[in-house]
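Asks: Make a model of this:
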Amino acid sequence: MDSYADKNFSKEFLPPYIIDYYSGTSYRYIENTIAPPQDFYSLTDVDLNIMQITSCPQEWMATYRLMGIGTVVSFPLYLQGKFWGLVIANNRHVKPIDLQNRKICTFIVQNAMSKYEIFVKEGQLNINTQTQTFQHKLLERLTHHKTINCALVESMENLRLMMNSDGIAIYNEGDIYLNGKTPLDKLVF
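Replies: Model (predicted):
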């Protein structure tokens, strides 16, 4: 539904018991939020949370109804083995989604999250590589210069780029060194 696209919700919207409900399976499916929940009878104890079609907690069901949602399918997202977020797909009208389509959607969401996790890990590796390279260059410059200040001033561009900042200033014993977009000398200190 367009009115809910790209909205952010507070973390209170997902208390721990709701996270437990949504992370209990690879997806959750509620075909008809308007219909009353069905009664389930069993001769033995059955954990209903392991079933994808188990009704969600009442406050969420009330929220779905209030929002005018007829059908909901949701997929938990995991990053490094921990619950990271939730994809909720919905329709204003009751819209049956067959099992095969739900499984395909589950695969697509899990695959996208897996690719994102690889991207995050590669980004972390890249940051570690940049840090090690910077550290090596700084140590090399320290051997050529008399003070750490001279080595830092020579490394300002790399330091600024590593921090992804617009500008950097180094102040040492009354001297000001600027790199990138910075205010005038008088405004810096």
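
Asks: Secondary structure element for the residue nearest the centre of the chain, which one?
Replies: Central residue of the chain (CA atoms, centre = their mean): Trp84, 6.0 Å from the mean position. Using DSSP states H and E, the element containing Trp84 is strand 82-91.

Asks: Got the phi and psi for the residue of the chain most remote from its centre?
Replies: Distance to the chain centre peaks in the chain at Lys146, reaching 45.0 Å (criterion: CA atoms, centre = their mean). Backbone torsions of Lys146, given as degrees, to the nearest 10, read phi -80, psi -30.

Asks: Low-confidence ranges, the protein, go.
Replies: For the chain, the stretches with pLDDT under 70 are 1-6, 184-189.

Asks: just checking, what packs against the longest helix along the chain?
Replies: Counting by DSSP state H, the longest helix found in the chain is helix 99-144. Using 3 or more CB pairs under 8 Å, 6 or more residues apart in numbering; DSSP states H and E as the contact criterion, the elements in contact with helix 99-144 are strand 71-79, strand 82-91, helix 148-154, helix 156-162. From N, CA and C alone the C-beta is placed, and that goes for glycine too.

Asks: do that again at 6 Å, thanks
Replies: When contacts are defined as 3 or more CB pairs under 6 Å, 6 or more residues apart in numbering; DSSP states H and E, helix 99-144 sits against strand 71-79, helix 148-154, helix 156-162.

Asks: Can you list the buried residues in the longest one?
Replies: Just to be clear, that refers to strand 71-79. Across strand 71-79, burial judged by 16 or more other CB atoms under 10 Å covers Thr71, Val72, Val73, Ser74, Phe75, Pro76, Leu77.

Asks: And for the last one?
Replies: Of all the residues in helix 156-162, those buried under the rule 16+ other CB under 10 Å are Met156, Leu159, Arg160.

Asks: Not counting residues beside it along the chain, what's closest to the last one?
Replies: The spatially closest residue to Arg160, leaving aside those adjacent along the chain, is Ile168, at 4.4 Å (CB to CB, 6 or more residues apart in numbering).

Asks: Tell me who's in contact with the one you found.
Replies: Met156, Arg160, Asn179 (CB atoms under 6 Å, 6 or more residues apart in numbering).

Asks: and what of Ala151?
Replies: Leu138, Arg141, Leu142, His145.

Asks: Apply the buried test to these and list what passes.
Replies: Buried, going by 16+ other CB under 10 Å: Leu138, Arg141, Leu142, out of these.
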